[in-house]
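1. sequence and predicted structure below; questions after.
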Amino acid sequence: MNSAQALPLAVLASSLVPGLIIFALPQEQVMLRSLLNLAGAVVKLVLIVVMLFGVRAGATYGFNHEVIPGLELAFKMDALALLFVTLSAGLWLLTTVYAIGYLEGSPHRSRFFGFFSLCVTATIGIAMAANLFTFFVFYELLTLATYPLVVHRGTPAALRGGNIYLGYTLLGGALVLTGIISVRSLGGPIEFTPGGTLAHLGEGHAGQLRVAFVLLVAGIGVKAALVPLHGWLPHAMVAPAPVSALLHAVAVVKAGAFGIVRVVYEVFGVEFAQMLGVLQPLAWVAALTIIWGSLRALTQDELKRRLAFSTVSQVSYIILGVAMFGPAGTVGGLVHLVHQGIMKITLFFCAGNYAETLGVHKVSGMNGVGRRMPATSVAFSIAALGMMGAPLTAGAVSKHWLNMGADAAGLYWVPWVLFASSALNAAYFLPILYRAWLLRPPPAWPQEQIAAIGWRETAWLLLLPPLITGLATLGAGVFAGFEMSPLAWARLIAAREYMQVTP
Amino acid sequence: MPEWAAAPAAWLILIPLLWATLAFLFGPRWGGRFALFGITVQSLCAMQLVAALDSGVTQVLPVGGWSAPLGIELHVDGLAALMLLLTQVVALPLMLYTRAWLGAADRAAGYVWPLCGFMLAALHALFLAADLFNVYVALELLGLCAVALVAGDGKPQQLRAALHYLLVSLLAAAAYLLGVALFYAAYGTVSIATLVAVMDAQPPFAVVLAGTLMLVGLMAKTALFPFHFWLPPAHGSAPAPASALLSALVVKASFYVILRLRLTVFAEGDLTLDWLLAGCGGAAILYGSWRAFRCAELKMLIAYSTVAQLGYLFLIFPLLDTRELALAAAALQMVAHALAKAALFAAAGIVLVATGRDSVAALAALAGRLPVTWFAFGLAAVTLMGLPPSGGFLAKWLLIDAAVAGEYWLMVGLIISGGLLGAAYLFRILKRAFAPQASAAVLKPVPRIMEWMAFLLAAASVVIGIEATAIVEILGLVGST
């Protein structure tokens, strides 16, 4: 096995192996467990950086494993996979740090961190999947690995949230499977290939191909929380904050968006999908989701639920970018895959900090939190402004490219949707910022668990991750022009997806 | 030494008979040791059998040097070898489990070891049988051992279930025997190989009747819907290790006979009959899953799950045109279900030992404790739901592939919804693991070996979903997709 095969395998193993060991560790082994977790996360990042440079220089990474003759688990680490893997691995490291601080002293931590690692393994598998079979295997594994995290607290509400989550995602999985079957029954190969593989089937099978497209996108759209398949997301909010961060920024929702990207670009091929006329309806659904999510977010008083509906809205920016035919839209969608992740995880980290430190769960209880927890609130504000698309943040870059894409594709209604969404974002984030910074704090916090000591407003393990991702939100905006920025990667991918197509 | 005496196939029948007799003579204290040693040797025999098998080639062994029609012949092909190997792989952990279980429950059940031995001998004889009459002998012995195991500790509900099982078993065997007699009357032979050669394209009425009688008998023994009624009480009330053996192996034996006959004597096939079997299988999936979903008792739930899972096996009959795909799917489903179901019953037995209760609700008392048992439940459940990565998933994938090749969309839909139904009833078990540790109920200690054997079986059922090439190779199918 040469390094081109060993590296992707090692990336999978760097979370799978620690996860399996952690399951076997007794509850009290805090040091060893944390060490394993962090070592796995760091090793994964190092491996990914090696491959980042390799892929940029044109190297290819991948390996196949034959399950039975004729059926393979196939993995490839291309530019698109790396975009997602880098995001997931980077945020996984931070989330692990955060979760170690967050769950200190709570029960069932071995179980939690074990499934946490499995979850990331499944996400990496989804990113690297080189055919629909492999994609499906890891897509379902992700469902199985996240369920224990969603119901982690074991309360009736958590179990109910878990039931709803399972109901949606398993049905989604069944749709995906049906979609894969219909592609295969048309004789279509199921390998992911830049430019797509189904174009040769031509107009003759247009009807069946459209059905297959709808099945695949609807099935994957459950995880991407496309309206009306988003119902599970607010219910899954019963989970602990690190899990919410994981669901919204690292794994589940992202896996859904990423899957749609793969299906559109590498199964159908964007040109062929445009010819089938399926991209325009997808753009409409995305636009509807963007507006609907924002509208629902307006009325939520519980901070995490407001953020959940905000996710519903924001993830569909990615889908919208993908559904707009043209490289600029693609760049906008792909770059938002990363940007939304960084911004949303910051918001969830901060929401977790407010809840853990002060017992503040509701927007109406956030008066003056900025004075008590300035650093957390600065991070929160940056991310919230980014969501609105404020200048100098990552959000502005996404929005700029999406608008360019809309312009190029001649979709004149898209900028209006984006504008309306920004306005709605402002309408539900600015009141929070107003309360946090300008209103007086209450005489006593609902449940102050971590006392402030000088500059240390909360535990370091809780404070550092949002600060880092907050800075990254600014960095991705300010340094968007640099060579290794998310934007540069998105442009590289777009160039590869569009150039390899023969007209 | 004559040639046949060196053949592992013959020893596979002799060894369990030998240790069963020894166990009977020396009593329960020694019985377990004989059993473990015997099955270890059997495993070696089975492995040697597989190694000696050129893929796709059938071997025939004349026992005692007498060839058919006078003597008894043993027949080894890929499917038989696979089933023999599977039997050892399931039986060895279960015997280790049973030893610990007898200790934990403080039972003096001396009957267990001889019964297990005779049962394994019957299973092996059935897999290796080369003629219809030997199949009958093996079926009869198998049925009697199984009934005795169900009667178990002699509790009233066990006796009632065993009695029903006995009646079904006897009637089914009688129907089968009648069919065999009709065959003999029509063709003057019961050797499968000879029958293949002499079967008419348009068989006379007596042969059609014979086939029907045999099929009905075998369907009843396999507990295929609508003949499933005896299975849930029997497997639900039998002692846990017995339930595991019965659900994992015994019901598959009669399916094996149906499949074997369909591929040889009835190779012509009959479209209506094939679809009838598949229809019963489909109904079994839906009905079994529904009943499992409604069950309050843990073991009964698992037993209804067996009814549902057996249904998948019967879906392959209309798909046999795509021979390799459908056969590989059936073989994988048998292997995956045997491992997973043995694991589930073993885990349910642990719950019974620890809490003294056999109910889904009792699982809540285990939450957070006995993690190994929980993982056994979890992994086995993943296989039964047919979610990846697991052997159950791979079997369903192949089955769907075969159904798509024939453009049987209804069947595709049925397989997919069957998986969802499976998830619905199995997550009823799994979600109990997350209940807060409310009850301070004192658990009886469970021997570790029991937990690990359940886990081992469950893990194996998942791992074959990633690495199943060996299974396909034993079957002698190459390039199945």
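-> The structure has been received and is ready for your questions.
2. so A:Ala420 sits right up against A:Ile291, yeah?
-> Yes. A:Ala420 is within contact range of A:Ile291, at 6.3 Å (criterion: Cβ atoms under 8 Å). Heads up, the C-betas are built off the backbone N, CA and C, glycines and all.
3. check which helix or strand the residue nearest to B:Ala91 when sequence neighbours are not counted maps to.
-> In this structure, B:Ala91 finds its nearest non-sequential neighbour in B:Ile39, 5.4 Å apart by Cβ to Cβ, 6 or more residues apart in numbering or on different chains. Taking DSSP states H and E as the criterion, B:Ile39 maps to helix B:28-52.
4. what of A:Val285?
-> Using DSSP H and E, A:Val285 sits within helix A:279-298.
5. which one's the longest helix in chain A?
-> Scanning chain A for the helix with the most residues, using DSSP state H, yields helix A:327-358.
6. C-terminal to that one, which secondary structure element comes first?
-> As assigned by DSSP H and E, the chain's next helix or strand after helix A:327-358 is helix A:369-372.
7. what about stretch B:288-305, start to end distance?
-> This stretch, stretch B:288-305, spans 6 Å end to end (Cα to Cα, to the nearest Å).
8. so what touches that stretch?
-> Outside of stretch B:288-305, the residues within contact range by Cβ atoms under 8 Å, 6 or more residues apart in numbering or on different chains are B:225, B:228, B:231-237, B:240, B:243, B:247, B:306-311, B:341, B:344-345, B:348, B:351-352, B:358-363, B:384, B:418, B:421-422, B:424-426, B:428-429.
9. buried ones among the residues you listed?
-> Neighbour counting with 16 or more other Cβ atoms under 10 Å in any protein chain shown marks B:225, B:228, B:231-237, B:240, B:243, B:247, B:306-311, B:341, B:344-345, B:348, B:351-352, B:358-360, B:362-363, B:384, B:418, B:421-422, B:424-426, B:428-429 as buried within those.
10. those in helices, which ones?
-> Among the buried ones among the contacts of stretch B:288-305, the members falling in helices are B:231-237, B:240, B:243, B:306-311, B:341, B:344-345, B:348, B:351-352, B:384, B:418, B:421-422, B:424-426, B:428-429 (criterion: DSSP H).
11. and the host helix or strand of B:Ile13 with helix B:28-52, angle?
-> Assigning secondary structure by DSSP H and E places B:Ile13 in helix B:8-26. Between helix B:8-26 and helix B:28-52, the angle comes out at 180 degrees (axes from the mean of the first three to the mean of the last three Cα atoms, to 10 degrees).
12. need the residues that contact helix B:8-26.
-> Outside helix B:8-26, the residues that reach it (Cβ under 8 Å, 6+ apart) are B:4, B:30-31, B:34-35, B:37-39, B:41-42, B:45-46, B:48-49, B:52, B:59, B:61, B:63, B:74, B:76, B:84, B:113-118, B:120-121, B:124-125, B:128.
13. okay, buried residues for that helix please.
-> B:8-13, B:15-20, B:22-24.
14. by pLDDT, give me the weakest of those residues.
-> Taking pLDDT as the measure, the buried residues of helix B:8-26 have their low point at B:Pro8 (83).
15. number of nearby residues for the nearest residue to that residue once chain neighbours are set aside?
-> Leaving out its chain neighbours, the residue that sits closest to B:Pro8 by Cβ to Cβ, 6+ apart is B:Cys45, at 3.9 Å. Using other Cβ atoms under 10 Å in any protein chain shown, B:Cys45 is surrounded by 23 other residues.
16. so which residues on the stretch 51-200 of chain A come close to chain B?
-> Proximity of the stretch 51-200 of chain A to chain B (Cβ under 8 Å from any Cβ of the partner chain) is limited to residues A:65-71, A:73, A:107-108, A:111, A:133, A:136-137, A:140-141, A:143-144, A:148, A:151-155, A:158-159, A:162-163, A:166, A:170-171, A:173-174, A:177-178, A:181, A:184-185.
17. quick one: is stretch B:349-361 near chain A?
-> No. Stretch B:349-361 is not in contact with chain A by Cβ under 8 Å from any Cβ; minimum separation 13.8 Å.
18. show the buried residues in the residues of the stretch 51-200 of chain A next to chain B.
-> Among these, those classed as buried by 16+ other Cβ under 10 Å are A:67-71, A:73, A:108, A:111, A:133, A:136-137, A:140-141, A:143-144, A:148, A:151-154, A:158-159, A:162-163, A:166, A:170-171, A:173-174, A:177-178, A:181, A:184-185.
19. could I get the CA-only coordinates of stretch B:217-231 as PDB?
-> Output of stretch B:217-231 as PDB, limited to C-alpha atoms (Å, rounded to 0.1, in the frame of the first residue of the first chain):
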ATOM      1  CA  GLY B 217     -44.200 -29.700   5.300                       C
ATOM      2  CA  LEU B 218     -41.000 -27.700   4.900                       C
ATOM      3  CA  MET B 219     -42.800 -24.400   5.000                       C
ATOM      4  CA  ALA B 220     -44.400 -25.300   8.300                       C
ATOM      5  CA  LYS B 221     -41.100 -26.300   9.700                       C
ATOM      6  CA  THR B 222     -39.500 -23.100   8.500                       C
ATOM      7  CA  ALA B 223     -42.400 -21.200  10.100                       C
ATOM      8  CA  LEU B 224     -43.100 -19.300   6.900                       C
ATOM      9  CA  PHE B 225     -46.200 -17.100   7.200                       C
ATOM     10  CA  PRO B 226     -49.000 -18.400   7.500                       C
ATOM     11  CA  PHE B 227     -47.400 -21.400   9.200                       C
ATOM     12  CA  HIS B 228     -45.500 -19.100  11.600                       C
ATOM     13  CA  PHE B 229     -47.900 -19.500  14.500                       C
ATOM     14  CA  TRP B 230     -45.900 -22.000  16.500                       C
ATOM     15  CA  LEU B 231     -42.600 -20.200  16.300                       C
END
